[in-house]
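Peer 1: compute the structure for the input listed below.
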Amino acid sequence: MFDVGETLIDETRIWSRWADRLGVTRLTFMGVIGGMAALDRSYADAFQVVRPGIDIDAEVAAWAREEPGSLRNRFDADDLYPDVREALQALRDAGHQVIIAGNQPVEAYDALAAMGLPADSIHTSDGWGVAKPQPEFFAKVAAVAGREPREILYVGDRLDNDVLPAKQAGMRAALLRRGPWGYLHAERPEAARADMVVGDLHALVRALV
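Peer 2: Okay, the predicted model is just below:
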């Protein structure tokens with residue numbers, strides 16, 4: 001079971017477009033996002049640091065009206081990390097069930113589905129009406145997989161949203177060391193609670209196949 005942002009999707013272009021939209025340099029905005037990760041604050045707080053009082057939902061809506069044909073705060077196949085297709089296919093070829101489920105808006109389902117990824121099913125938190133790290137999210141994970149929690153390996157880039165709640169739900173968990181949270185969280189003592197810490201999906205495949 002795979003998370004989406006910074007697990008399958010490289011969010012560099014998304015954050016770069018947001019920086020342009022907010023009128024700050026890309027380095028500045030990404031640096032502030034990294035600061036939020038280091039402080040255990042939400043990435044949404046980065047918007048308030050850069051533009052105090054911003055209504056993110058209103059900004060997203062305005063952006064959609066102004067640039068209806070652009071990607072804006074969304075992603076497409078060009079944002080996939082280069083190891084994703086090969087790794088997911090290798091896992092399926094080895095007989096593993098592969099499911100994608102992360103904290104994403106409903107629009108992300110269409111974007112992921114359009115990529116033709118080698119996955120058995122795709123799910124989003126908005127589609128389920130429940131988000132990580134809530135226990136109900138991981139209960140849905142087990143339900144759609146049709147497996148006992150102990151049979152599931154949840155793969156993500158964060159301790160707080162992925163590894164620790166998955167372990168609490170009785171699942172196995174892999175911490176992927178990429179993206180701001182991935183690198184920072186891999187350095188924390190709690191990373192030892194993950195069943196494995198890997199640098200990329202090829203390493204995950206080698207550990208499972």
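Peer 1: run a quick neighbour tally on residue 4.
Peer 2: 23 (other CB atoms under 10 Å). Placement of C-beta: from N, CA and C, glycine included.
Peer 1: how close does it sit to residue 161?
Peer 2: Residue 4 is 11 Å from residue 161, where distance means CB to CB, to the nearest Å.
Peer 1: go on, residue 108?
Peer 2: 15 Å.
Peer 1: can you check residue 78 too?
Peer 2: Counting by CB to CB, the gap from residue 78 to residue 161 is 25 Å.
Peer 1: name the single longest helix found in this structure.
Peer 2: Across the chain, the longest stretch assigned as helix under DSSP state H is helix 26-38.
Peer 1: neighbours around residue 67, how many?
Peer 2: Neighbour tally, residue 67, other CB under 10 Å: 12.
Peer 1: okay, now residue 50: neighbour count?
Peer 2: What residue 50 shows, counting by other CB under 10 Å, is a neighbour count of 17.
Peer 1: end to end, how far does stretch 142-153 reach?
Peer 2: Stretch 142-153 has its terminal residues 10 Å apart, counting by CA to CA, to the nearest Å.
Peer 1: next: stretch 95-106.
Peer 2: With CA to CA as the measure, stretch 95-106 spans 29 Å from end to end.
Peer 1: please apply the same query to stretch 163-171.
Peer 2: 9 Å.
Peer 1: surely residue 17 meets residue 72?
Peer 2: Yes: shown here, residue 17 and residue 72 form a contact pair, counting by CB atoms under 8 Å, at 6.5 Å.
Peer 1: which one's more surrounded, the two?
Peer 2: Taking other CB under 10 Å, residue 17 and residue 72 do not tie; residue 17 has more neighbours (18 against 15).
Peer 1: how about low-confidence regions in the chain?
Peer 2: For the chain, not a single residue meets the criterion pLDDT under 70.
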